[in-house]
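> Quick one, what's the 3D model for this:
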Amino acid sequence: MSLKYTMEIMEILDNANVTGETVQNIFKEFEYCEASYQTIHGNQGATDFVKIVIKGTEGKVSGGNAPSLGIIGRLGGIGARPSKIGFVSDGDGAVAAITSALKLAHMSENDDRLPGDVYITTHVCPHAPIIPHEPVDFMGSPVDILTMNKYEVLPEMEAILSIDTTKGNKVINHKGIAISPTVKSGYILKFSEDLLRIMEVTTGELPVTFAITTQDITPYGNDVYHLNSILQPAVATQSPVVGVAITAKSAVPGSGTGASHEVDIAQAVRFSIEVAKEFTQRQLSFYDQKEFEHLTDLYGSLEHFQTMGKES
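Coordinates of the predicted model:
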């Protein structure tokens, strides 16, 4: 039923007056769910950061020790008003994250609770700026990327799915979703076989992946090219991060309206839900821990890629 919830959340967010409180109110009646928001002001306006916690039966919130998953809806804004009327393509990550939380909340009410806690974060901004970018314009944000990471990347997240619209490029020529290799502590690791397996099951197709570069896992603001912000959470944590890209065959501007496809977003939701089920049951790995330790023994730490680098 992910499509039903996706359409419901899209309808709620496609509103010039939507706020973090609007999202918080969606979850107020659920017993095993806590939702909150904070309004943060930046140089170009304000946005509401939303945090939703789905409590597991053996999660750390309740004193247990089951693993905790993070799902981040990464975006600049859900709207570019007054320049653009309506919901923009860049907002798909927010829809996917909030919809994942709504589905998990309903599952909990129906006694299908996960063992571990799931933390869902994103932000709601219907009045974000547009940034010129090649080959198509990106959406900006009222706050900078460091602020986003501060409120969206939480220490409780032991592994992270970062969901982001990734249509403004000529690299990915697939409509639907695609996943990145695992990124951890400055290393670009091999694709997780477990995540590829879940992608096959939830899409009914062969898994689709996308390549990333060293530039993509460095912080914004260092004057190098980034595909987009999908892997920016990886600069703010030592937990493994995988990007879940909502994609298109053509290059679509992040500021484009009428460009969000409910079925594609629902695919990202189904994938995220199944990852949450298995990860919190310790049935899934984002990376090979022994191989990662061997890599660091051979080549040392690459955590400097998580910083702004040397000053010139």
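> lowest-confidence helix or strand of the protein?
Least confident element among the helices and strands of the chain, by mean pLDDT, DSSP states H and E: strand 138-139 (a mean of 80).
> just checking, what packs against the next helix or strand along the chain from that one?
Remark: after strand 138-139, the chain's next helix or strand is helix 145-152, criterion DSSP states H and E. Applying 3 or more CB pairs under 8 Å, 6 or more residues apart in numbering; DSSP states H and E, we find helix 145-152 packed against strand 33-42, strand 45-54, strand 69-74, strand 118-124. To be clear about C-beta, it is placed using only N, CA and C from the backbone, and glycine gets the same treatment.
> what does helix 145-152 contact?
38, 40, 42, 49, 51, 72, 74, 121-123, 141, 219-221, 229, 232-233, 235-236 (CB atoms under 8 Å, 6 or more residues apart in numbering).
> ditto for stretch 287-296
The contact list for stretch 287-296, computed with CB under 8 Å, 6+ apart, reads Thr182, Lys184, Ser185, Tyr187, Leu189, Lys190, Ser192, Pro240.
> I'd like the average pLDDT over it.
Per-residue pLDDT over stretch 287-296 has a mean of 98.
> Buried residues in that stretch, which are they?
Buried residues in stretch 287-296, counted by 16 or more other CB atoms under 10 Å: Tyr287, Phe292, Leu295.
> The chain: helices as residue ranges?
Using DSSP state H, the helices found in the chain span residues 2-13, 20-26, 92-109, 145-152, 193-203, 262-280, 289-299.
> what sits up against the first one?
Just to be clear, that refers to helix 2-13. Contacts for helix 2-13 (CB under 8 Å, 6+ apart): 18, 22-23, 26, 78, 87, 91, 94-96, 98-99, 102-103, 106, 124, 126, 260, 262-263, 265-266, 269-270, 273.
> how about 7 Å then?
Residues external to helix 2-13 that are found in contact with it (CB atoms under 7 Å, 6 or more residues apart in numbering): 18, 22, 78, 87, 91, 94-95, 98-99, 102-103, 260, 262-263, 265-266, 269-270.
> Then the fifth one?
Contacts made with helix 193-203 from outside it, assessed by CB under 7 Å, 6+ apart, are listed as Gly176, Ile179, Leu206, Pro207, Val242, Gln267, Arg270, Phe271, Glu274, Val275, Leu284, Ser285.
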